[in-house]
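# The sequence isn't on hand, but the structure is:
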């Protein structure tokens, strides 16, 4: 089950761009693989001057850059939680220090040390949805990914901050979190992403591709937690 959480986080994180935005945008993504329900589907992401809203099949997340909060909703269980950016930073630092100071045996049980995230431009380019996109390869231990990114679309004034927040979410060595680290190094909007994770003898691949970008404000019902949802401390950012 843990591998599905990782891949669900990947699909969320790889679609989070870095740049600046002047207009509200709606981005529709075609997603394949990586979740408990691996059937192909379309997810939607909205960007405004101070919000990023990801509305997927299993989760909805709202990042409020003004309030410095992330609201995560589990659609199947009708649960939600609100975390501050600062609380995520403190928790990540606590886990990092605990892992650093842990005895060798405990560190071994936590999994192998991961090499630094490596991002390289391949020099290849392609037109996607009419936009010039450049190819990047990402290598980070168990994770490898290919991203086609355009810098012709500026998405959100605080998206660089969002990428840093995304890198605080999830297990400190998780592939999704490491891909977020890589994303913070690339300027622009990913239009096509393929990610592969090696888990022992198993290889899991997921992909998403932006299929439509329109100027559109998010519907009002996406801006709040739906009626009937119960707040729970067990809900973590990005958790399906």
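Happy to help now that I have it. The model shown is predicted, which means the values in this text are computed figures rather than measured ones.
# longest helix of this structure?
helix 85-101 (DSSP state H).
# Can you mark which positions in it are buried?
85, 88, 92 (16 or more other CB atoms under 10 Å). (Each C-beta comes from the backbone N, C-alpha and C, glycine too.)
# TSV for those residues, including pLDDT?
Compiled in TSV, the buried residues of helix 85-101 are given as follows (pLDDT from 0 to 100):
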residue	pLDDT
85	87
88	83
92	75
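# Mind giving me the packing neighbours of the longest strand belonging to the chain?
Under DSSP state E, the strand in the chain containing the largest number of residues is strand 202-215. Using 3 or more CB pairs under 8 Å, 6 or more residues apart in numbering; DSSP states H and E, the elements in contact with strand 202-215 are helix 2-13, strand 25-32, strand 189-199.
# got the residue ranges for the helices in this protein?
Secondary structure of the chain by DSSP H: the helices cover 2-13, 85-101, 104-109, 159-166, 175-183.
# Pick out the shakiest of the ones you listed, pLDDT-wise.
Of all the helices of the chain, helix 2-13 carries the lowest average pLDDT, namely a mean of 48.
# Hmm, residue 183 is touching residue 166, no?
Yes - counting by CB atoms under 8 Å, residue 183 touches residue 166, with 7.1 Å between them.
# Please name the bridge partners of the residue lying closest to residue 52 once chain neighbours are set aside.
Nearest residue to residue 52 in three dimensions, chain neighbours excluded: residue 63, at 4.4 Å (CB to CB, 6 or more residues apart in numbering). Taking DSSP bridges as the rule, residue 63 bridges to residue 52, residue 70.
# Against residue 223, how distant is residue 63?
12 Å (CB to CB, to the nearest Å).
# residues shared between the contacts of these two?
Shared contacts of residue 63 and residue 223 (CB atoms under 8 Å, 6 or more residues apart in numbering): 51, 53.
# More neighbours: those two, which one.
Set residue 63 next to residue 223 and count neighbours by other CB atoms under 10 Å: residue 63 wins out with 26 against 15.
# Let me know whether the more buried one touches residue 51 as I believe.
Yes - between residue 63 and residue 51 there is a contact at 6.7 Å, judged by CB under 8 Å.
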